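A.B. asks: Predicted structure and sequence below. I'll ask about it afterward.
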Amino acid sequence: MKVASLVRTGKTSKEIAEALGVSASAIDFHRKKLRKKLGLSNTSSNLRTYLLSLH
């Protein structure tokens, strides 16, 4: 949930990783899982825009 809220604020994977004390690749993994759970199969779909639309 923390990753999703930080993605929503516009932070990059590197910025999120630094904030949470994990590697950027771990954040990329979580972003990929979020996309799958939300049905965003196309990588050109903007995850942040989708999360913002959920209100």
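C.D. replies: Great, that's in hand.

A.B. asks: And the worst-scoring helix or strand of the chain on mean pLDDT, what's buried?
C.D. replies: None of the helices or strands of the chain scores lower by mean pLDDT, DSSP states H and E than helix 47-53, at a mean of 79. Using 16 or more other CB atoms under 10 Å as the test for burial, helix 47-53 gives Leu47, Tyr50, Leu51. In short, each C-beta sits where N, CA and C put it, glycine included.

A.B. asks: How about stretch 24-44?
C.D. replies: Judged by neighbour count using 16+ other CB under 10 Å, the buried positions of stretch 24-44 are Ile27, His30, Arg31, Leu34, Arg35, Leu40.

A.B. asks: which one of the residues you listed sits closest to Gly21?
C.D. replies: Proximity of the buried residues of stretch 24-44 to Gly21 was ranked by CB to CB; the top entry is Ile27 with 11.1 Å.

A.B. asks: re earlier: going by distance to Thr12, which of the buried residues of helix 47-53 wins?
C.D. replies: Proximity of those to Thr12 (CB to CB) peaks at Leu47, which lies at 11.8 Å.

A.B. asks: Quick one: list the elements packing against the least confident helix or strand of the chain.
C.D. replies: With contacts taken as 3 or more CB pairs under 8 Å, 6 or more residues apart in numbering; DSSP states H and E, helix 47-53 sits against helix 2-8, helix 24-38.

A.B. asks: Would you mind giving the ones you listed as CSV with distance to Glu15 and mean pLDDT added?
C.D. replies: Below are those laid out as CSV (distance: least, CB to CB, whole Å; pLDDT from 0 to 100):
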stretch, distance to Glu15, mean pLDDT
helix 2-8, 8, 91
helix 24-38, 9, 92
